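1. the sequence and its predicted three-dimensional model are supplied below.
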Amino acid sequence: MTAPVLAVACLDDPTTDLVLDELHGRGIPVVRFDPGADFPDEIALSAHFDGSGMTGSIDTPTHRLDLSGVRAVYWRQPTPYRPSPDLDTSSASWAAEQARYGLGGVLAALPGTFYLNHPFRNRDAEYKPLQLATAAACGLAIPRTLITNRQDSVRRFASRSDGTVFKPLWSTPFKTDNGKWRTIWAHPIDPEEVDGTVTGAAHLFQEQVKKAADVRVTMVGDHVFPVRIDGSPALDWRLHYDSLSYQLIEATPAVVKSMRAYLDRLGLVFGAFDFCLFGDEWVFLECNPNGQWAWFDDPIPQQIAGAIADVLIRAKGES
């Protein structure tokens, strides 16, 4: 019997849907669940360890997954493990952490299994300081960048730039004074407006690149999909999806080689790279190890889904 692909993802993720449709079309069995949302109410776990390693199963309402018989794991932003509302605060927090380290640990240790990407590698690769240092080490151009909590450092940094950009180090929701939650996006700043509150946290500042366009490169193994993004009236194009246009373009061999080296260095199979174009130069901004791509115009999403399916299927050496 053909070994299944395990999709670890929330149930309303259209990116996962496209990949699973591709796998189903090729006759590859798939088991999908969301551990943070489904465990323990919908999932039963039995993992056994002895001198031969790990064996056991995970049972869902519709499937039994043999832990030693998983072809590949497609890890796609599952729901964080969350406390049960039926327990007191302390017990609920304890149970959620046990689930993360128990079920999460089992899912990260499936024997002989290929991961796209391994969850621990995803976690490591989300740190922007590591991204920038790795990109530079792999030969990619990066903007001059400062991470600091010192007001005087920001002023000195900005004095040597034609423009300065602030970026959050992580997309943490921020609650405003009126009680509403908002996302903080990359935006230009006036360094004179940076006050003493900067000392309260780490902040990332970058020299603003006078870009001609943005490029999102989705890389899956050796498959490369560079998409030029035009039409954004703001620095951060994610604020204006309705005004954007997309065009598949070619990446230079040097950039492709550097991106491949970047993924290899961080133990990744998949990466969504963001660049800005400055003349003929591709300037690296960041790489999301679990980035989105389903919103692109057709046929780009189908091509990327096909490339991901190719890599997942060939994990067991089948064509």
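-> Received, thanks.

2. so where's the stretch 101-250 of the chain uncertain?
-> Along the stretch 101-250 of the chain, segments meeting pLDDT under 70 span 175.

3. so which residues of it form helices?
-> Listed in chain order, the helices of the stretch 101-250 of the chain (DSSP state H, counting those that start in this stretch) span 119-125, 128-137, 151-159.

4. now do the last one: which elements does it pack against?
-> In other words, helix 151-159. Applying 3 or more C-beta pairs under 8 Å, 6 or more residues apart in numbering; DSSP states H and E, one finds that helix 151-159 contacts strand 145-148, strand 164-167, strand 203-207. (Each C-beta comes from the backbone N, C-alpha and C, glycine too.)

5. so for it, what gets flagged as buried?
-> Residues of helix 151-159 classed as buried: 153, 154, 157, 158 (neighbour count, 16 or more other C-beta atoms under 10 Å).

6. check the first one too.
-> Under the neighbour-count criterion of 16+ other C-beta under 10 Å, helix 119-125 has 119, 121, 122, 125 buried.

7. quick check, nearest of the residues you listed to residue 186?
-> Closest approach to residue 186 among the buried residues of helix 119-125 (C-beta to C-beta): residue 125, at 19.0 Å.

8. coming back round to it: dump the helices and strands packed on helix 151-159 to a markdown table, plus distance to residue 10 and mean neighbour count.
-> Shown next, in a markdown table, are the helices and strands packed on helix 151-159 (distance: least, C-beta to C-beta, whole Å; neighbours: other C-beta atoms under 10 Å):
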| stretch | distance to residue 10 | mean neighbour count |
| --- | --- | --- |
| strand 145-148 | 31 | 16 |
| strand 164-167 | 26 | 20 |
| strand 203-207 | 28 | 21 |
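
9. residue 186 is nearest to which of the ones you listed?
-> strand 164-167 (4.5 Å).

10. got the CA coordinates for the closest one in PDB?
-> Presented in PDB, the C-alpha positions along strand 164-167 are these (Å, rounded to 0.1, in the frame of the first residue of the first chain):
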ATOM      1  CA  THR A 164      14.800  54.600   7.200                       C
ATOM      2  CA  VAL A 165      12.300  51.900   7.500                       C
ATOM      3  CA  PHE A 166      10.900  50.300  10.700                       C
ATOM      4  CA  LYS A 167       9.900  46.600  10.600                       C
END
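
11. ok so, going back, the helices and strands packed on helix 151-159: which one's closest to residue 195?
-> Of all the helices and strands packed on helix 151-159, strand 203-207 sits nearest to residue 195, with 12.0 Å by C-beta to C-beta.

12. could you check the angle the closest one makes with helix 128-137?
-> 30 degrees (axes from the mean of the first three to the mean of the last three C-alpha atoms, to 10 degrees).

13. circling back: nearest to residue 37, out of the helices and strands packed on helix 151-159?
-> strand 164-167 (30.0 Å).
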